[in-house]
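J.: heads up, no residue letters with this:
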């Protein structure tokens, strides 16, 4: 007598088909991966496929993730306040000289509900490779002589690497609220 708890019992015919399929199975050729460490493009694909992270990863950020090879997280509670630290490890690359970038999130309590502040690594960008800034050309006209000149201005731009900027959480009174309607 057989007792089936939670499963599927295959018929003799299905078992024979499985054996025949196993005999004819040809393994996938993975020779091209023998010299590679880990899964190629693993972290790049993780960042692109995570809905929350994908919102802040810009196209210009993606090439840097070819050099991203490890991620560490640490969670601790000190003085009844939660802290989460995330460290990203990079191989040598053309964008910055840091081999690791760290971001720590400090919460107001041990539950981790409200963020108090963040602390991040200062990224040592190589010349002309800062993904958090862009250069714009602006034409400027002299009021008296009417001469026009072009100036180049550096302005911030969106990038996932902005998460490594240390900052305080906005105070409640700093949060934009909808204005009251006049009656």
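T.: Great, that's in hand. Predicted, not measured: the structure shown is a model, and the values here were computed from it.

J.: ok, and what's touching the longest helix along the chain?
T.: The longest helix of the chain (DSSP state H) is helix 12-24. With contact meaning CB atoms under 8 Å, 6 or more residues apart in numbering, helix 12-24 is reached by residue 10. Any C-beta I mention is one placed from the backbone N, CA and C, and that applies to glycine too.

J.: Quick check: mean pLDDT of it?
T.: Summarised as a single mean, pLDDT over helix 12-24 is 88.

J.: Could you identify the helix or strand that succeeds it?
T.: helix 42-49 (DSSP states H and E).

J.: starting at the chain centroid, how far to that next one?
T.: 8 Å (CA atoms, centre = their mean, to the nearest Å).

J.: If you count neighbours, what's buried in the lowest-mean-pLDDT helix or strand in the chain?
T.: Least confident element among the helices and strands of the chain, by mean pLDDT, DSSP states H and E: helix 42-49 (a mean of 84). For helix 42-49, the neighbour count (16 or more other CB atoms under 10 Å) marks 43, 44, 47 as buried.

J.: ditto for stretch 94-106
T.: 95, 96, 98, 101, 102, 103, 104, 105, 106.

J.: re the thing from before, against which helices or strands is the least confident helix or strand of the chain packed?
T.: Counting contacts by 3 or more CB pairs under 8 Å, 6 or more residues apart in numbering; DSSP states H and E, helix 42-49 is packed against helix 51-54, strand 68-78.

J.: Can you lay out the ones you listed as a markdown table showing distance to residue 32, mean neighbour count and mean pLDDT?
T.: Shown next, in a markdown table, are the helices and strands packed on helix 42-49 (distance: least, CB to CB, whole Å; neighbours: other CB atoms under 10 Å; pLDDT from 0 to 100):
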| stretch | distance to residue 32 | mean neighbour count | mean pLDDT |
| --- | --- | --- | --- |
| helix 51-54 | 28 | 9 | 87 |
| strand 68-78 | 19 | 12 | 90 |
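
J.: can you list the ones you listed in CSV and add distance to residue 138?
T.: Compiled in CSV, these are given as follows (distance: least, CB to CB, whole Å):
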stretch, distance to residue 138
helix 51-54, 32
strand 68-78, 35
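
J.: and residue 85, which of these is closest to it?
T.: Judged by CB to CB, the one of the helices and strands packed on helix 42-49 that comes nearest to residue 85 is strand 68-78, at 4.5 Å.

J.: packing partners for that closest one?
T.: Packed next to strand 68-78, using 3+ CB pairs under 8 Å, 6+ apart, are helix 42-49, strand 81-90.

J.: any low-confidence regions in this protein?
T.: Where the chain drops to pLDDT under 70, the residues are 1-7, 33, 36-37, 173-183.

J.: Among the helices and strands packed on strand 68-78, single out whichever gets nearest to residue 73.
T.: Nearest to residue 73, of the helices and strands packed on strand 68-78 and by CB to CB, is strand 81-90 at 5.3 Å.

J.: In its sheet, which strands sit next to the closest one, and in what direction?
T.: strand 68-78 (antiparallel), strand 100-107 (antiparallel) (DSSP bridges).
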